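Participant: all I have is the shape, not the residue letters:
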C-alpha cells in the first residue's frame, strides 16, 4: 500500500512507523535463528563470537562441530532414532487423521463436535500434562520405554494437525465428484484413491509435514516415555545443553533449521498447487 | 401413461422423508418407458431432484419401490446401478484431462486400452469435443465442460441417463443450443433420459412427457402440448406458460361445462375440468392468446369487461394489461392490427373467449 498524496501528517508518521514496527517484529523472530548459523562454524568450543570470527579470519571458522555430530555415536544414534520415530509417527498420524477428517466432514457423523474436540485435544492440553498422563497409562500397558510407545505418543500429538489441514481442504472439495465416480461404477475404495485422494493430497501432505515436525522437535513426551534406546535428537540436544555445553548443538540446530526451511518450501509449493487445482474445479 | 408392463423405470408408491416427519416426496407413482425423454419439472423444493437422487442411488426411499428394467434397485448401491448422470455443476474431475475423465468409467469396467481409446474418441466426437481430449476441465468454457459431462455420462453406454439441471449455469443462447443437441443425441442413441429442470421452456422443448412436481407430488404427467393446452389444475396452469386467472363460484354443472358466477354477479361458462359441484369455489384459467376484445359483451355469455391499464408494444403483437374483476394483471395478447388502435388506457373494454378455452380448475 503506497502512501497516498492526500495523506495527513499523522498518516505519514504512521506509514513509516508501521514499517519500522513490522521490520522489528520480523527481526526479533528471525535473528535468534540466523545468529546460530555463523556460530555453528566456530572453531573454538564457545557459544559466542570470538574476536577472530568478528575479524573474519579463516582460521577462526571450522566445520569441527559438524564432524563431531556425524562421528559422535551419541549424536548418530539420536539422529537415527529421530529419523525412524518421526516418519513412523507421521505415517500413523496421516492415515488416521485423514480418515477421521473425511469421516467427520461427511455430515453423517454423530457427535461431530465432541469427537473433533477429543481428537484435537493433544494440541490444546499442555504437553507436560499429556506426557505425564501418557507415562502412567503407557506404563500400565507395557508401552513405556518402547520405540512403538514413543511412535504412538507422537502420532497422537501429530494427528490434530492432519485432521485440521485435511478438514480445511475438504471444505473446498466438491462432494458431487465422489457421487459422479460412484455413478460411473467406481466402488468406495477406488473413488477414494482415484478421485478424493489426489484432490485433497496437498492438505494431507501439509498435515503430514506438521506431524513430522511435531515428532521431530518433540522433547517432553519422549523424556517421559522413552528409554535410553529411544533418545531422539531434541532429547540429545537437551542433555547436551545441560551436561556438556558442546557447540555441536549449534551445528545440529543449523541442520534442523535447514531441514525446516526445506519442508516449509515444500509446503508452499504444495499450497500453490492446491490453489491451482481448486481454480480448476468447475463452477 | 405408459403401461407398467413395458415400463423401464418404475416408481411405485415411493415416499421420501429426510427428518422422519415431513414428506419431501409423497406417494410417487411414475412409469418411464424405454427410450423416453421424461422431464421432472417443478419449483425448487418440489421433490424433483430428490426423485432423481433416489433413482441414482444417492438417496434411499423411505417407503415404496423403485424398479429398473423390472428389478427392484432399492438395495443396489449407486456404483452397481449402471446409470449415467450429468450433474448440475458437471462434476468433472479437475485433476484429470478430458480424455481421462471419459476413460474413468471404462477403466472401472476393466475394458482394454484400445477399446477405451476408441470409445472415448467416439463419445468426444459426438459432442464435437474431439480436439479437446488433452485439456483439463479448468481450461474449458462452461459450454464445453457441459458437453464433456454429457459425453462422460454416455461413454459407457448406459441405458438410462439422468440429468440434473445440466444447463442451469449456461447463458441463454448456449442453453438453447445445448437443448437442441441433447435432444438430438437422445434421438440418435435411443437412450432413456430423465431430466430435471425448473425451466418450463426447456421442459417443453425437449421432453416426450413432462411430470410437473409441486409439494412432493406429481401434479400432472403429460406430453408438452397437453400440459400447456389442457392443464389439470391451477398450479400447472400457472407454472406452464402465461396464464390469467379469475376466481368464481360454480353455479351449476351441465355435462362438460360449468356455469360460473363472478364476484360481481355476472355469469359465464367454462370447461369443467377440476372444479367442484355447485357452490364451490373455482379458479378459471385463460391463456392470454385465447382472449379476444369484443365491444359488445352479452350478459350470460362467455365474457367480462375490464379496464385497460397498460399497452405494451412488442412489434408483431401488443400485450394489453387489464384490470378484470379484481385481477390487476390480466394480460391479453393482441396481434398487431386495426383493433388495437381502438384501445385506450383508462377505458373499459369487453373481453370474450370460447368456453372450451376457459378451464375451471381447483380454487388453489
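Facilitator: Structure's in. What do you need? No experiment lies behind these values; they were computed from the predicted model shown.
Participant: so residue B:275 makes contact with residue B:282?
Facilitator: Yes. The criterion here is C-beta atoms under 8 Å, and residue B:275 meets it with residue B:282 at 3.9 Å. Backbone N, C-alpha and C define where each C-beta goes, glycine included.
Participant: okay, and the common contacts of these two?
Facilitator: B:250, B:258, B:260, B:360-362 (C-beta atoms under 8 Å, 6 or more residues apart in numbering or on different chains).
Participant: can those go into a markdown table with extra columns for pLDDT?
Facilitator: Putting those into a markdown table (pLDDT from 0 to 100) gives the following:
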| residue | pLDDT |
| --- | --- |
| B:250 | 89 |
| B:258 | 87 |
| B:260 | 87 |
| B:360 | 88 |
| B:361 | 88 |
| B:362 | 85 |
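Participant: just the closest of those residues to residue B:201, please.
Facilitator: Nearest to residue B:201 out of the shared contacts of residue B:275 and residue B:282 is residue B:361 (C-beta to C-beta; 22.0 Å).
Participant: beta partners for that closest one?
Facilitator: Under DSSP bridges, the beta-bridge partners of residue B:361 are residue B:283.
Participant: give the contact list for the residue sitting nearest the centre point of chain B.
Facilitator: Most central in chain B under C-alpha atoms, centre = their mean is residue B:41, positioned 3.5 Å from the mean C-alpha point. Neighbour list for residue B:41: B:48, B:197-198, B:200, B:203, B:210-213, B:239 [criterion: C-beta under 8 Å, 6+ apart].
Participant: so where's the stretch 201-350 of chain B uncertain?
Facilitator: For the stretch 201-350 of chain B, the stretches flagged by pLDDT under 70 are B:297-301, B:338-340.
Participant: can you pull out the strands in it?
Facilitator: When assigned using DSSP state E, counting those that start in this stretch, the strands of the stretch 201-350 of chain B occupy the ranges B:209-214, B:217-222, B:244-254, B:257-262, B:267-272, B:281-286, B:292-293, B:303-313, B:317-324, B:327-335, B:348-352.
Participant: quick one: strands adjacent to the fifth one?
Facilitator: Going back to what we said before, that points to strand B:267-272. strand B:257-262 (antiparallel), strand B:359-361 (parallel).
Participant: please point out which parts of that strand sit buried.
Facilitator: B:268-272 (16 or more other C-beta atoms under 10 Å in any protein chain shown).
Participant: which residue ranges make up the domains of the chain?
Facilitator: No chain in the question, so chain A it is. A:9-60, A:73-280 (automatic domain parsing).
Participant: sorry, should have said chain B
Facilitator: Domain assignment for chain B by automatic domain parsing gives B:4-234, B:242-361.
Participant: so which of those is the most surrounded?
Facilitator: For the domains of chain B, the largest average neighbour count (mean count of other C-beta atoms under 10 Å in any protein chain shown) is found in domain B:4-234, namely a mean of 19.
Participant: and stretch B:100-118, how far apart are its ends?
Facilitator: 13 Å (C-alpha to C-alpha, to the nearest Å).
Participant: now do stretch B:178-197
Facilitator: End to end - C-alpha to C-alpha - stretch B:178-197 spans 14 Å.
Participant: all helices of the chain, in order?
Facilitator: By default, I'm working from chain A. Secondary structure of chain A, counting by DSSP state H: helices at A:9-34, A:36-39, A:51-54, A:64-71, A:73-105, A:112-124, A:127-140, A:147-171, A:176-183, A:188-191, A:197-217, A:220-225, A:233-239, A:248-280.
Participant: sorry, I should have been clearer: chain B.
Facilitator: Applying DSSP H to chain B gives helices spanning B:48-56, B:98-108, B:113-126, B:142-154, B:172-189, B:200-206, B:224-229, B:234-239.
Participant: so which elements touch the first one?
Facilitator: Yep, that's helix B:48-56 we're talking about. Where contact means 3 or more C-beta pairs under 8 Å, 6 or more residues apart in numbering or on different chains; DSSP states H and E, helix B:48-56 is packed against strand B:7-17, strand B:23-33, strand B:37-41, strand B:63-68, strand B:160-164, strand B:192-197, strand B:209-214.
Participant: check the fifth one too.
Facilitator: Secondary structure elements in contact with helix B:172-189, counted by 3+ C-beta pairs under 8 Å, 6+ apart, are helix B:142-154, helix B:200-206.
Participant: list the contacts of the closest residue to residue A:48 other than its chain neighbours.
Facilitator: In space, and not counting its chain neighbours, residue A:48 is closest to residue A:39: 7.7 Å by C-beta to C-beta, 6 or more residues apart in numbering or on different chains. By C-beta under 8 Å, 6+ apart, the contact list for residue A:39 reads A:47-49, A:247, A:250.
Participant: how about those in TSV, adding pLDDT?
Facilitator: TSV is the format used below for the contacts of residue A:39 (pLDDT from 0 to 100):
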residue	pLDDT
A:47	79
A:48	79
A:49	81
A:247	81
A:250	87
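Participant: spell out which parts of chain B neighbour chain A.
Facilitator: Contact residues (C-beta under 8 Å from any C-beta of the partner chain) of chain B with chain A: B:56-58, B:77-85, B:87-95, B:104-105, B:108-109, B:136-138, B:142, B:145, B:152, B:156, B:169.
Participant: look at residue 68 and report its pLDDT.
Facilitator: In the absence of a named chain, chain A is used. The predicted structure scores residue A:68 at 87 on the pLDDT scale.
Participant: my question was about chain B
Facilitator: 91.
Participant: hmm, residue B:31 and it touching each other?
Facilitator: No. Counting by C-beta under 8 Å, residue B:68 stays clear of residue B:31, with 11.9 Å between them.
Participant: shared neighbours of these two, which are they?
Facilitator: Common neighbours of residue B:68 and residue B:31 (C-beta under 8 Å, 6+ apart) are residue B:9.
Participant: show me what contacts whatever residue of the stretch 201-350 of chain B ends up closest to chain A?
Facilitator: Using C-beta to the nearest C-beta, the closest approach of the stretch 201-350 of chain B to chain A is made by residue B:202 at 19.0 Å. By C-beta under 8 Å, 6+ apart, the contact set of residue B:202 is B:39, B:167, B:175, B:179.
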